[in-house]
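In: Sequence and predicted model, in that order:
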Amino acid sequence: MTIHRMAGEFDGLDRLVLARIDAIPSPTFEQLFVNAEIALEIQRIAGGRDPQRILDRQLQKLRKRKAIVFKNGRWHRDGAYPATIAR
C-alpha cells in the first residue's frame with residue numbers, strides 16, 4: 001500500500017534540517033536525528049514508518065536539490081541553495 005502525502009508536509013522538516021546544518025557545522029546523521037525539534041517533527045509525520053528512513057529520505061532529497069552535500073561522513077550546506085524551499 002502506497003501512502004501519498006502532500007509535498008508541503010515535509011517542508012517543516014526540511015527547514016529544521018537546514019537550520020541545524022547551519023547551526024552545527026558539518027553534523028553527522030546521528031547529530032541531526034537526535035535533535036529534539038527534528039525528532040518531534042519526524043514523529044509528527046511518521047505515521048508508523050521508520051523515523052530514520054524519513055530523515056534519510058529528506059536528506060537525500062535535499063542533496064539531490066544541491067541544497068546540501070555529504071562529505072567525509074558529515075552533512076554540509078552547499079551555499080547555492082535559496083533561503084526558501086524551492087520545488
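Out: Sure, I can see it.
In: Off-centre distance for stretch 46-57?
Out: Put simply, stretch 46-57 sits 11 Å off its chain's centre (Cα atoms, centre = their mean, to the nearest Å).
In: Just the buried positions in it, please.
Out: 54-55 (16 or more other Cβ atoms under 10 Å). From N, CA and C alone the C-beta is placed, and that goes for glycine too.
In: what's in contact with it?
Out: 3, 13, 17, 29, 32-33, 38-39, 42-43, 45 (Cβ atoms under 8 Å, 6 or more residues apart in numbering).
In: What subset of these is buried?
Out: Neighbour-count burial (16+ other Cβ under 10 Å) is assigned, among the contacts of stretch 46-57, to 13, 17, 32-33, 38, 42.
In: Am I right that Ile53 is in a strand?
Out: Heads up, residue 53 is Arg, not Ile. No: per DSSP: H, G, I helix; E, B strand; the rest coil, Arg53 lies outside any strand segment and is helix.
In: Could you look up the SS state of Arg49?
Out: Assignment for Arg49 (three-state DSSP): coil.
In: Which pLDDT value belongs to it?
Out: pLDDT for Arg49: 94.
In: quick one: least confident of the contacts of stretch 46-57?
Out: Out of the contacts of stretch 46-57, that is Ile3, at 46.
In: which one of the contacts of stretch 46-57 is nearest Lys64?
Out: Here the nearest of the contacts of stretch 46-57 to Lys64, counting by Cβ to Cβ, is Val17; it sits at 13.9 Å.
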